[in-house]
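# dropping a prediction and its sequence here:
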Amino acid sequence: MENSKKQVRETKAGRSIQAFVIIKPRKGVVATIHAHFADSGMCTVDVWDEGCLVYQGRAGGGGYDKFTNALAGAVIQGITMVDHCQVSKKLGKGASSFPYGTKEPRGYCFANYVADKSGWTSCYRVAGPDLLKYYGFTVEQVI
């Protein structure tokens, strides 16, 4: 096989698309995410779950993660995708932080550590398809 030819993923079209497969143990591929990144900066996503198109989203503008924003609101295998810092856990009554050593709730990550409080002031839901990994799914980017 000759390697001097350009691969599909190296073409302009190939660089403007992404595809992810979501795999459930003992069941195989259960969902896919297709994304297109237009020259205009717009990101469009399609979500297929169990073979059916279940969500389409778009995000444009500049300076942020358009893919995750376009995906926010999609439900994949019963799990709702969120944007960065869109969903957070509230601190307990009277608490000023999540104390150091506290276990993060499933699908959440601590943020904003404050040394004088010996803990984190924020606990955000994991954004984008990475959230699915917390529920036992494998997420693989295939394009």
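Cool, got the structure.

# other SSEs contacting the longest helix along the chain?
Ordering each helix of the chain by length in residues (DSSP state H) puts helix 66-71 first. For helix 66-71, the packing partners by 3 or more CB pairs under 8 Å, 6 or more residues apart in numbering; DSSP states H and E come out as strand 28-37, strand 43-49, strand 52-59. (Glycine included, C-beta is placed from N, CA and C.)

# thought S97 was touching L91, still the case?
Yes: counting by CB atoms under 8 Å, S97 is a contact partner of L91 at 7.1 Å.

# any idea which residue sits dead centre in the chain?
G128 (1.3 Å; CA atoms, centre = their mean).

# what helix or strand does that one sit in?
Assigned by DSSP states H and E, G128 falls within no helix or strand.

# dump the residue contacts of the nearest residue to it once chain neighbours are set aside.
Spatial nearest neighbour of G128, excluding adjacent residues (CB to CB, 6 or more residues apart in numbering): T68 at 4.1 Å. Shown in contact with T68 (CB atoms under 8 Å, 6 or more residues apart in numbering): 81, 83-84, 127-128.

# shared neighbours, L91 and S97?
Common neighbours of L91 and S97, using CB under 8 Å, 6+ apart, are T121.

# more neighbours, those two?
Of the pair L91 and S97, S97 is the one with more neighbours under other CB atoms under 10 Å, namely 20 against 15.
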